[in-house]
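Engineer: mind folding the following:
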Amino acid sequence: MERLIYRSRAGESVGARDVFDIVETSARRNSAREITGFLLYDEDRFLQLIEGPAGKIEKLIEDLNRDPRHHSIEILAREAARERLFSDWEMKRLITFAGVPAMEAIRNNLAGQPEADAIMQIVTEFLEGPAS
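Structural biologist: As a prediction, the model looks like this:
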């Protein structure tokens, strides 16, 4: 089992509808791939945490590198994992939504996990960083 966090830039023509399509397709495919996690979208940037079998994570990275909807992929963290932190999130979309804010949803899901601080730091830096 492996956990990976990366960020990337959205392609110029990527809009809100594209992000919804990405999440919908990812949730469907990730179930078969045994991959869970979340996708944050902020203006023209993505941050994604994915977790699952190492070989399937590697295949997903190859697919991501060929996807024209984003570029400038930068892996921020990659580590072996004993268990999933987001087992119920086939691919949770965390953009801006009317319910619980993204940070709160992630924090609540990570409650009591030793990895929580490191993941929350990456998420915080992403959300507080420059959008362009």
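Engineer: centroid-nearest residue for this structure?
Structural biologist: The residue lying closest to the centre of the chain (CA atoms, centre = their mean) is Q48, at 1.8 Å.
Engineer: that one contacts G37, correct?
Structural biologist: Yes - with contact defined as CB atoms under 8 Å, Q48 counts as touching G37 (6.4 Å). In this view, the C-beta of every residue, glycine as well, is placed from N, C-alpha and C.
Engineer: show me the contacts for the closest residue to I35 other than its chain neighbours.
Structural biologist: Nearest in space to I35, with sequence neighbours left out and distances taken as CB to CB, 6 or more residues apart in numbering, is G52 at 3.8 Å. G52 is in contact with 1-2, 30, 33-36, 60, 84, counting by CB atoms under 8 Å, 6 or more residues apart in numbering.
Engineer: next: L47.
Structural biologist: Residues in contact with L47 (CB under 8 Å, 6+ apart) are 5-7, 39-40, 122-123, 126.
Engineer: and it, that one's in a helix?
Structural biologist: No - counting by DSSP: H, G, I helix; E, B strand; the rest coil, L47 is not part of a helix but strand.
Engineer: how much space separates it from A116?
Structural biologist: 16 Å (CB to CB, to the nearest Å).
Engineer: circling back: do you know how far the residue nearest to the centre of the chain is from I35?
Structural biologist: Relative to I35, Q48 is positioned 10 Å away (CB to CB).
Engineer: and for A102?
Structural biologist: Counting by CB to CB, the gap from A102 to I35 is 19 Å.
Engineer: thought V19 was touching L40?
Structural biologist: No - V19 lies out of contact with L40 (CB under 8 Å); the separation is 10.2 Å.
Engineer: give the next helix or strand downstream of the helix or strand where R3 lies.
Structural biologist: R3 belongs to strand 2-10 when assigned by DSSP states H and E. Counting by DSSP H and E, the next helix or strand C-terminal to strand 2-10 is helix 16-33.
Engineer: in that next one, what counts as buried?
Structural biologist: For helix 16-33, burial by neighbour count (16 or more other CB atoms under 10 Å) applies to 19, 22-23, 26-27, 30, 33.
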